[in-house]
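# From the sequence below, what's the structure:
(one chain, ligands or ions: 1)
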Amino acid sequence: MRTQVGIVGAGPAGLMLSHLLHLAGIESVVLECRSRQYIEDRVRAGVLEQGTVDLLIETGVGERLQREGLRHDGVWFSFGGRRRHIGFPELTGGSGIVVYAQQEVVKDLVQARVAAGGQIVFEVEELSVHDLDSKLPKIRYKKDGVAQELICDFIAGCDGFHGITRPSVPAGVIAVYERIYPFAWLGILAEAAPTSDELVYTYHERGFALFSMRSQQVTRLYLQCTPDEDLSQWPDDRIWEELCKRLSTQDGWAPGVGPVLQKGVTGMRSFVIEPMQYGRLFLAGDAAHIVPPTGAKGLNLAVSDVRVLSQALEAFYKSGREDLLGQYSANCLRRIWKVQRFSWWMTSMLHLFPGADGFDHRRQLAELDYVTSSRAGMTTVAENYVGLPLD
Ligand SMILES: Cc1cc2nc3c(=O)[nH]c(=O)nc-3n(C[C@H](O)[C@H](O)[C@H](O)COP(=O)(O)OP(=O)(O)OC[C@H]3O[C@@H](n4cnc5c(N)ncnc54)[C@H](O)[C@@H]3O)c2cc1C
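Predicted structure coming up:
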């Protein structure tokens, strides 16, 4: 088999790249180790930056998002038992965010690719990449037990943090910059109508908590916990009791309680590789970087990477230009490091760190007081949260 761009992974990065390339008249094949149903049911992120929303709409995959997505014009920070609001449009020239679950974005992209006759091969096995430093890199895999080879002009590694493309780059080429946090998030999805129209980020002496939502009927809530937290010690009643203690505010606001649909523990890590390219392999999304989820940026970064990559590939195929491909890594990393900084800062400001003392507690409260009362502080939060401009 032969294609122009072989894409490993049908997450948001791989699917969006395939969609953008199709619009530019470039052929691609997406290879995914899971089933279609599995990737369409996988619950993960849900906050879309303004730029992500605009791109989905402009490229024709935003119809359901516009109908079902929940537009948010601000966010709440809660500390000392009180909530303070930061409004986005007035601080950012009109931008906001939309809450629309990642699995819905995935469904819309899969449907668009299938409708356009695009090739997504699900449930591939034993995938490996070869000849990355040649002009004809190859992807080998098995489908239904039969060995296959896909010869490409380029390979896009969009296979997430645990994928195989990043480890296929020879040792010594890539530098890793990493921070692992001494806590994790215990997250639940609950059948309970949201009691706040916007997200509530809470700093509490018992630990961080986040109130968020995925639709008009479903809330998504998180508690700071230990990285090795044993979920079997957390029956639903205990989770709700802890969430209510941390999230409830003096004005009587509290999360709505309902049946827990899913629960899990997510580790917290900042991770970046440099460069994001080796030969004709280009890495994008979680394959190249991870942010702690506090800033709600993982999905958005995946989309902004593949936007840059699709433009570089389009310049190559339309005018033979290789300069944008050469600049792919540097162009993405400028944005990635700003987003890493914001995600690290939000995480540091809102969580309890082991060994923190009264000084740290008062410093964090003062920082929250500042960023929720000064126009400069609120603008910093707002412009990063809705997404820095794509340059
Ligand atoms: C458990 C979890 C929870 C998260 N929760 C949140 C959240 O609450 N809020 C938030 O903002 N962000 C969250 N994120 C981050 C966000 O979901 C990711 O940043 C986003 O999914 C990145 O998209 P991606 O396409 O780069 O990678 P992924 O979505 O990981 O997609 C990679 C794809 O590659 C496939 N793949 C892997 N290996 C192979 C292989 N060898 N061969 C073929 N295919 C392969 C995978 O099955 C997957 O479909 C979460 C991430 C995880 C892992």
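# residue contacts, V114?
I120 (Cβ atoms under 8 Å, 6 or more residues apart in numbering). All C-beta atoms are positioned from the backbone trio N, CA, C, and that covers glycine.
# what's the answer for the one 4 residues further on, then?
For G118, the residues meeting the contact criterion (Cβ under 8 Å, 6+ apart) are S18, H19, H22, S28, V30, A112.
# pLDDT score for it?
What the model reports as pLDDT for G118 is 98.
# thinking again about what came up before, which of the contacts of G118 sits closest to G377?
Taking Cβ to Cβ as the measure, G377 sits nearest to H19 out of the contacts of G118, at 37.6 Å.
# can you list contacts of the helix or strand where the closest one lies?
Using DSSP states H and E, the element containing H19 is helix 12-23. For helix 12-23, the surrounding residues in contact (Cβ under 8 Å, 6+ apart) are 4-5, 7-8, 27-28, 30, 32, 59-61, 102, 105-106, 109-110, 112-113, 116, 118, 120, 156, 158-159, 284-287, 299, 302-303, 305-307, 309-310, 313-314.
# Ok, stretch 90-100 next?
46-50, 53, 65, 68-74, 88-89, 199, 212-214, 296, 375, 378-379, 382-383, 385-387.
# Of these, just the buried ones, PyMOL syntax please.
Typed into PyMOL, the line below selects the buried ones among these, using 16 or more other Cβ atoms under 10 Å:
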select buried, resi 46+47+48+49+50+53+65+69+70+72+73+74+88+199+212+213+214+296+378+379+382+383+385+386+387
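# Filter the contacts of stretch 90-100 down to the ones in strands?
Judged by DSSP state E, strands contain the following of the contacts of stretch 90-100: V47, L48, L70, R71, H72, G74, S212, M213.
# Can you pick out the most distant pair from these?
Pairwise distances across the ones in strands among the contacts of stretch 90-100 (Cβ to Cβ) peak at 15.3 Å, for the pair L48 and G74.
# D230 and the ligand, how far apart?
According to Cβ to the nearest ligand atom, to the nearest Å, D230 stands 17 Å off from the ligand.
# now do W240
19 Å.
# I'd say that residue and P259 touch.
No. Applying Cβ atoms under 8 Å, one finds W240 not in contact with P259, separated by 10.6 Å.
# Which one's more surrounded, these two?
Taking neighbours as other Cβ atoms under 10 Å, W240 and P259 compare with W240 leading, 18 against 9.
# Give the buried residues for the strand or helix carrying the more buried one.
Using DSSP H and E, W240 maps to helix 236-247. Buried residues in helix 236-247, counting neighbours by 16+ other Cβ under 10 Å, are found at I239, W240, E242, L243, R246, L247.
# And for that helix, what's in contact with it?
So helix 236-247 is contacted by 78, 186, 188, 200, 202, 204, 206-209, 211, 221, 223, 254-255, 257, 259-260, 263 (Cβ under 8 Å, 6+ apart).
# What values do phi and psi take at the residue in the stretch 101-250 of the chain positioned nearest to the ligand?
Across the stretch 101-250 of the chain, no residue is closer to the ligand than G160, which sits at 2.7 Å (Cβ to the nearest ligand atom). Backbone torsions of G160, given as degrees, to the nearest 10, read phi 70, psi -180.
# repeat for the one 4 residues further on
Comment: the main-chain dihedrals of I164 come out as phi -110, psi -10, following degrees, to the nearest 10.
# need the contact list for it.
V8, L127, S128, V129.
# what about the third one, helix or strand, and which?
By that I understand S128. strand 125-130.
# Please identify the pairing partners of that strand and their relative orientation?
strand 138-143 (antiparallel) (DSSP bridges).
# and the partner strand with the ligand, contact?
No. If you take Cβ under 6 Å from any ligand atom as the test, strand 138-143 misses the ligand, and the best it gets is 7.3 Å.
# Can you name the element that comes right after that strand?
Past strand 138-143, further along toward the C-terminus, the next helix or strand under DSSP H and E is strand 146-151.
# other SSEs contacting that next one?
Here strand 146-151 touches strand 138-143, going by 3 or more Cβ pairs under 8 Å, 6 or more residues apart in numbering; DSSP states H and E.
# Name the spans of this protein whose pLDDT lies under the cut-off.
In the prediction, the chain carries residues with pLDDT under 70 at positions 391.
# What is the longest strand seen in it packed up against?
The strand that spans the most residues within the chain, counting by DSSP E, is strand 175-191. With contacts taken as 3+ Cβ pairs under 8 Å, 6+ apart, strand 175-191 sits against strand 218-225, strand 260-274.
# returning to that earlier point: what number of residues lie near the closest residue to the residue of the stretch 101-250 of the chain closest to the ligand other than its chain neighbours?
The shortest distance from G160 to any non-neighbouring residue, by Cβ to Cβ, 6 or more residues apart in numbering, is to D286 (4.4 Å). Using other Cβ under 10 Å, D286 has 26 other residues around it.
# Now do the contacts for D286.
Listed by Cβ under 8 Å, 6+ apart, the contact set of D286 reads G11, A13, G160, F161, G298, A302.
# Any of these buried? List them.
Judged by 16+ other Cβ under 10 Å, buried ones among the contacts of D286: G11, A13, G160, G298, A302.
# Now render these as CSV, adding distance to A330.
Formatted as CSV, those follow (distance: Cβ to Cβ, whole Å):
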residue, distance to A330
G11, 24
A13, 19
G160, 23
G298, 21
A302, 18
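# From those, pick the one nearest D133.
A13 (22.5 Å).
# Against R375, how distant is that closest one?
35 Å (Cβ to Cβ, to the nearest Å).
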